[in-house]
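Peer 1: Dropping the sequence and predicted coords here.
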Amino acid sequence: MDMARPRSETGTAVIEKSRPDVDEPRMYHVVLLNDDYTTMEFVIEILETIFSKSRHEAYRVMLHVHTHGRGVCGAYTFEEAETKVAFVHDLARERGFPLRATIEEA
Ligand code: TYC
């Protein structure tokens, strides 16, 4: 069958929905929390490496967290968010920083 122009068995045209009836996965924010001991440079490094931010965006998010106490690093599926939080905590522990991140429904 011509897949570009789907037809039903009866030969009548099939009207396709612009978006199939597939549930979008729920999304979750990874939220970074401020503390008094983690260095700004380390937070920027985390945002660049784990959250794929540019240097400029990483600096902006870090400063937002530093000023407001918390800030969103990105929206992910629950599994992705969990993995990123675990990476943050592992790297922070390795480097002796108390940096914490949490997951919230987006
Ligand atoms: N408040 C820290 C400082 O002054 C910097 C910091 C920013 C720490 C963001 C954590 O999530 C954080 N060194």
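Peer 2: Sure, I can see it.
Peer 1: wait, what's in contact with Tyr37?
Peer 2: Applying CB atoms under 8 Å, 6 or more residues apart in numbering to Tyr37 gives the contacts 97-98. Any C-beta I mention is one placed from the backbone N, CA and C, and that applies to glycine too.
Peer 1: And for Glu104, nearest residue in space, chain neighbours not counted?
Peer 2: His29 (4.8 Å; CB to CB, 6 or more residues apart in numbering).
Peer 1: what does Ala81 give?
Peer 2: Tyr28 is the one closest to Ala81 (CB to CB, 6+ apart), at 4.3 Å.
Peer 1: Flag every buried residue along the longest helix anywhere in the chain.
Peer 2: Longest helix in the chain, counting residues (DSSP state H): helix 78-95. For helix 78-95, burial by neighbour count (16 or more other CB atoms under 10 Å) applies to 81, 84-85, 88, 91-92.
Peer 1: How far does that helix sit from its chain's centre?
Peer 2: On the basis of CA atoms, centre = their mean, to the nearest Å, helix 78-95 is displaced by 12 Å from the centre of the chain it belongs to.
Peer 1: could you pull out the helices for this protein?
Peer 2: Using DSSP H, helices in the chain cover 40-49, 55-68, 78-95.
Peer 1: at contact distance from the ligand, anything in the longest one?
Peer 2: No: shown here: helix 78-95 not in contact with the ligand (CB under 6 Å from any ligand atom), separated by at least 9.3 Å.
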